[in-house]
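Enquirer: build the 3D model from these lines:
(2 chains)
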Amino acid sequence: MRQSQLFTKTSKTSPKDEVSKNALLLIRAGYTYKVMPGVYAYTPLGLMVLEKIKQIVREEMNAIGGQELIMTNLQRKDTWESTGRWSDEAVDVWFKTKLQDGTELGLAWSHEEAIMEMIQRFVESYKDLPVSVYQFQTKLRNELRAKSGIMRGREFVMKDMYSLHATEADMDQYYDQVIEAYKKIYARLGLGNETYITFASGGAFTKFSHEFQTLCDAGEDVLYVNADKTVAVNEEVLDDASAQLGVDKNTLVPMKSAEVGNIFKFGTEKSDKMHIVYKDREGKQQPIYLASYGIGITRAMGVIVEKLADEKGLVWPESVAPFRVHLLSLDANEQAEAIYESLTRAGIETIYDDRSVNAGEKFADSDLLGIPYHVVIGKRSLESKKAEVKHRQTKKTEEVSFSELIDYLQP
RNA sequence: CGGGGCAUAGUAUAGUGGUAGUACGAGUGGUUUGGGACCAUUUAGUCUCGGUUCGAUUCCGAGUGCCCCGACCA
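Expert: Have a look, this model is predicted:
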């Protein structure tokens, strides 16, 4: 795409109503627009990143048999009453509203109850199990205080998957499959090296839960990590977990971390409360086992920014960057146009800075936008027949001849 | 929800009880073009309501909005 056509603009100054690195940079670079505290719009660039993240998650969920669907944001009161989670005392983040006839509705902050209600219509027999469904949905949570930019908003995009099983053993083995899928996801997002699966307290409803925590100074949690980073334990379960793992908790060092995923085994708790059953081989009614698996898509984007951005701006891993190549023309438009055409024809996602602004501004904007490869075409290039290719993350620069450019930039 | 702070142009910021200034941005014309270049010119602002006052953007009160710390975070 041509940068001259992009409707967003970069900004040299930082907004005064933000402090978190992710919000400052994403707003300055034009990836997000702040509507109110905890509520951000995603512009074309921001949306491209979100879609890249979603696609990675989608592929890994599909690989373990997940079926994508989308539930609704308007939720029925009686559905949530059936598990005792309608009241504001039980759940303090509800947004609630009313239909014109007075019927109360909740705006979805989660979808466990909703999926159980829906699944009841389709799962009747043991032959219908197991089932695994997931969605990318906007969650609405009336947080008392939003903070940390897009890492903790009142409106955010989450992937939530729900698996339903006839037996606990079946649930357990699927749960382990999801853990492996999650590891692949974080690796592909560029967070693999510093993301740990940890025991977490599951709240009042679940005995077994795990969190995926990424070491991150902007995070809200604390992880206790050992020297070679092979063991990481959540602060909230430090005593129990270290005992269980046979680790001396005094050898663990506290580090700040951000929760990027959370998985739970609900077991038959929801089924029992909502009377959701299947018929076994003898025709006897049995409760359905449920587990749920979340990944905060927008939060993952925020964590990637926090971890990789440098003093000059954003730095995207190739896997989630909105474009692979940022092509800069420094007063060599004819040549740059030709290269833009050939890159585009080769299927290499390219944003082409065709604006007539100074070189310095193009470089500064390019660093701010954080596209992995910067390809500079200037007057020098016209003589040498070479482009200057700079890798945003390593800051290394190479001269690449025009004829080898496509091969060089190919994923 | 407890505590603290802030509110001036699109953005970031000065300043004043008596005509509100700067930078960036944006517009126009021109010179530029390898790290946010330069000249000329134009554009645009005191959050809302009330009080004190001859006069309030400034002082006082309320409201609204925003930020930070804590609490909360399935």
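Enquirer: give the contact list for the spatially most central residue of chain A.
Expert: The centre of chain A sits closest to residue A:297, judged by C-alpha atoms, centre = their mean, with a distance of 2.3 Å. Residue A:297 makes contact with A:50, A:53, A:54, A:57, A:136, A:156, A:157, A:158, A:159, according to C-beta atoms under 8 Å, 6 or more residues apart in numbering. Yep, even glycine has a C-beta here, placed from its N, CA and C like the rest.
Enquirer: Provide the secondary structure category for the last one.
Expert: When classified by DSSP: H, G, I helix; E, B strand; the rest coil, residue A:159 comes out as strand.
Enquirer: okay, now it: neighbour count?
Expert: Applying other C-beta atoms under 10 Å, we find 24 residues neighbouring residue A:159.
Enquirer: state the pLDDT value of it.
Expert: Residue A:159 carries a pLDDT value of 97.
Enquirer: and it, how far is that from residue A:262?
Expert: 11 Å (C-beta to C-beta, to the nearest Å).
Enquirer: joint contacts of these two?
Expert: residue A:294.
Enquirer: so which elements touch the lengthiest strand in chain A?
Expert: Identified as the longest strand of chain A according to DSSP state E is strand A:253-267. Here strand A:253-267 touches helix A:168-188, strand A:208-215, strand A:221-225, strand A:289-296, helix A:297-308, going by 3 or more C-beta pairs under 8 Å, 6 or more residues apart in numbering; DSSP states H and E.
Enquirer: mean pLDDT and distance to RNA strand B for those - can I get that in a markdown table?
Expert: Formatted as a markdown table, the helices and strands packed on strand A:253-267 follow (pLDDT from 0 to 100; distance: least, C-beta to the nearest atom of the strand, whole Å):
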| stretch | mean pLDDT | distance to RNA strand B |
| --- | --- | --- |
| helix A:168-188 | 97 | 15 |
| strand A:208-215 | 89 | 7 |
| strand A:221-225 | 90 | 7 |
| strand A:289-296 | 96 | 6 |
| helix A:297-308 | 97 | 10 |
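Enquirer: so can I have CSV of the ones you listed showing distance to residue A:342?
Expert: Formatted as CSV, the helices and strands packed on strand A:253-267 follow (distance: least, C-beta to C-beta, whole Å):
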stretch, distance to residue A:342
helix A:168-188, 28
strand A:208-215, 38
strand A:221-225, 47
strand A:289-296, 37
helix A:297-308, 29
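Enquirer: with just CA atoms, put the one helix or strand in chain A whose mean pLDDT sits lowest into PDB.
Expert: Least confident helix or strand of chain A, by mean pLDDT, DSSP states H and E, is helix A:238-245 with a mean of 79. Listed next in PDB are the C-alpha coordinates belonging to helix A:238-245 (Å, rounded to 0.1, in the frame of the first residue of the first chain):
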ATOM      1  CA  LEU A 238       4.100 -19.600  45.400                       C
ATOM      2  CA  ASP A 239       4.100 -21.800  48.500                       C
ATOM      3  CA  ASP A 240       1.900 -24.500  47.100                       C
ATOM      4  CA  ALA A 241       3.400 -24.600  43.700                       C
ATOM      5  CA  SER A 242       7.000 -24.600  44.700                       C
ATOM      6  CA  ALA A 243       6.400 -27.400  47.200                       C
ATOM      7  CA  GLN A 244       4.600 -29.300  44.500                       C
ATOM      8  CA  LEU A 245       7.400 -28.800  42.000                       C
END
